[in-house]
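Student: from the sequence below, what's the structure:
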Amino acid sequence: AVLANEDVLPPGDYPVTLRVCGPAGTVWEKGTVAHIPAPAAGQDGPLAVPVFCEEIRLEGPAGTYTFAAQLERGGAPAGGRLSFFLSDPADLPRLSQPVTTWGVDDSVASWLLARGVSLRPFATAPTTTPEVILVGGLSPTEATEESYLELQRRIAGGGVAVFLTPAALRRDEDAVGWLPLAQKGHGYAFNDWLYHKECVARRHPIFDGLPAPGILEWDYYGPVLSPFLFEGQEPLTDVAAAAFALGYPTPGGYASGVQLGAYALGAGQIILNAFRLLENINHHPAADRLLLNSIRYAANRARRA
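Tutor: Residues are numbered from 1 along each chain as shown. As a prediction, this is how the structure comes out:
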């Protein structure tokens, strides 16, 4: 909590009450002081002063919480409210689903196993039924032409491959060089800065249990949002999320691309994902839920093949 004073209040100590409120009411409260120092002769006072900086642990149900800071006397700041979200890992679904993994690291594999997912490596012989294949961050020794041809063969036979990171598609300087589609299009990182795109989700099974549909709020999804866009591929069979930039300072003032969608390949499907899932599994609830939902969605697609 920081007080932006901007030379309004005179030097002194101002009592502050801090509270966190959630679905069950007030779950944390603390009194402290905002100290505004006297400036040196001929100098301006500080633009802002720190009031509180600590890490706290909350006990309470999952939901939306509000951090509230209030001056008890002397002034009435215009701000003082910040919403944040508390999630419970117990709310995540458990899956009784076998999946084939290729390039998925041990930490993500262990997390999946703990949630009921059974794993088999891509290097083993294919199953007799259509597979759900999770493709993670592949090393140069894994990403060979022979292995991608094998992946393409399994998908065309009815499997569903979920690409957990766009990095798995990079071939030399081509960001989508390994994409097993006839019309590869291109992929690129959009420049999000002061002007940025908005990520928008449809009402879709991959976003079950998450704040969607609509614009994906940065306050909730945070580091899971990605600058990467897929553009120019062949028509999708299904789209879960796309991104749009309007009035952007580029020629034409507009940009858009797919961030999560499915494409047909023979009797199977490819699910392209641009979100930052792998680096946020077991660290961010949105990544956890998106991965489990993607597996369940891919399994339903594979069963239809």
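
Student: so which residue is dead centre in this protein?
Tutor: In the chain, the residue lying closest to the centroid (C-alpha atoms, centre = their mean) is residue 224, at 2.1 Å.

Student: is it correct that residue 181 is in contact with residue 234?
Tutor: Yes: Residue 181 is within contact range of residue 234, at 5.9 Å (criterion: C-beta atoms under 8 Å). From N, CA and C alone the C-beta is placed, and that goes for glycine too.

Student: buried residues in the lengthiest helix in the chain, which are they?
Tutor: Across the chain, the longest stretch assigned as helix under DSSP state H is helix 285-304. Residues 285-299, 301-302 are the ones in helix 285-304 that count as buried (16 or more other C-beta atoms under 10 Å).

Student: give the rounded mean pLDDT of it.
Tutor: Mean per-residue pLDDT for helix 285-304: 95.

Student: also stretch 235-247?
Tutor: pLDDT averaged over stretch 235-247 gives 95.

Student: how distant is it from the center of its chain?
Tutor: Counting by C-alpha atoms, centre = their mean, to the nearest Å, stretch 235-247 is centred 16 Å from the centre of its parent chain.

Student: one more: stretch 70-82?
Tutor: 32 Å.

Student: again with stretch 22-30
Tutor: Per C-alpha atoms, centre = their mean, the centroid offset for stretch 22-30 relative to its chain is 27 Å.

Student: name the residues that touch that stretch?
Tutor: Applying C-beta atoms under 8 Å, 6 or more residues apart in numbering, the contact partners of stretch 22-30 are 17-21, 52, 56, 58-61, 63-66, 86.

Student: who wins on neighbours among those?
Tutor: residue 65 (21 neighbours; other C-beta atoms under 10 Å).

Student: surely that one meets residue 81?
Tutor: No: the criterion here is C-beta under 8 Å, and residue 65 misses it with residue 81 at 11.0 Å.

Student: rewinding a little: are there residues contacting both of residue 181 and residue 234? Which ones?
Tutor: The contact lists of residue 181 and residue 234 share residue 263, where a contact means C-beta under 8 Å, 6+ apart.

Student: secondary structure element for the residue of the chain positioned farthest from its centre?
Tutor: Within the chain, the residue lying farthest from the chain centre (C-alpha atoms, centre = their mean) is residue 41, at 49.5 Å. Under the criterion DSSP states H and E, no helix or strand holds residue 41.

Student: one more: residue 151?
Tutor: Following DSSP H and E, the helix or strand that holds residue 151 is helix 145-156.

Student: before we move on, what about residue 229?
Tutor: strand 228-231.

Student: averaged pLDDT, that strand. What do you get?
Tutor: If you average the pLDDT over strand 228-231, you get 97.

Student: so what's residue 266 up against?
Tutor: Counted by C-beta under 8 Å, 6+ apart, residue 266 has contacts 155, 156, 157, 158.

Student: again, only this time at 10 Å
Tutor: Counting by C-beta atoms under 10 Å, 6 or more residues apart in numbering, residue 266 touches 152, 153, 154, 155, 156, 157, 158, 159, 180, 305.

Student: can you pull the pLDDT of the third one?
Tutor: Per-residue confidence (pLDDT) for residue 154: 95.

Student: mind listing residues that contact stretch 118-127?
Tutor: 95-104, 108-110, 112-113, 131, 133-135, 138, 142, 147, 150-151, 153-154, 157, 159, 161.

Student: out of those, which sit inside strands?
Tutor: Under the assignment DSSP state E, the contacts of stretch 118-127 contribute 97, 98, 99, 100, 101, 102, 133, 134, 135, 161 to strands.

Student: among those, who's most crowded?
Tutor: residue 134 (28 neighbours).

Student: residue contacts, that one?
Tutor: 99-104, 108-109, 112, 117, 119, 122, 160-164, 271, 278, 291, 294-295, 298.

Student: try it again with 6 Å
Tutor: 99, 101, 104, 162 (C-beta atoms under 6 Å, 6 or more residues apart in numbering).

Student: can you check residue 11 too?
Tutor: 36, 37, 38.

Student: closest one of the residues you listed to residue 198?
Tutor: Taking C-beta to C-beta as the measure, residue 198 lies nearest residue 36 of the contacts of residue 11, at 38.3 Å.

Student: show the pLDDT at that closest one.
Tutor: At residue 36, pLDDT is 95.

Student: list the single closest residue to it in space, sequence neighbours excluded.
Tutor: Distances taken as C-beta to C-beta, 6 or more residues apart in numbering place residue 11 nearest to residue 36, at 5.0 Å, with adjacent residues excluded.

Student: thanks again, I'm all set now.
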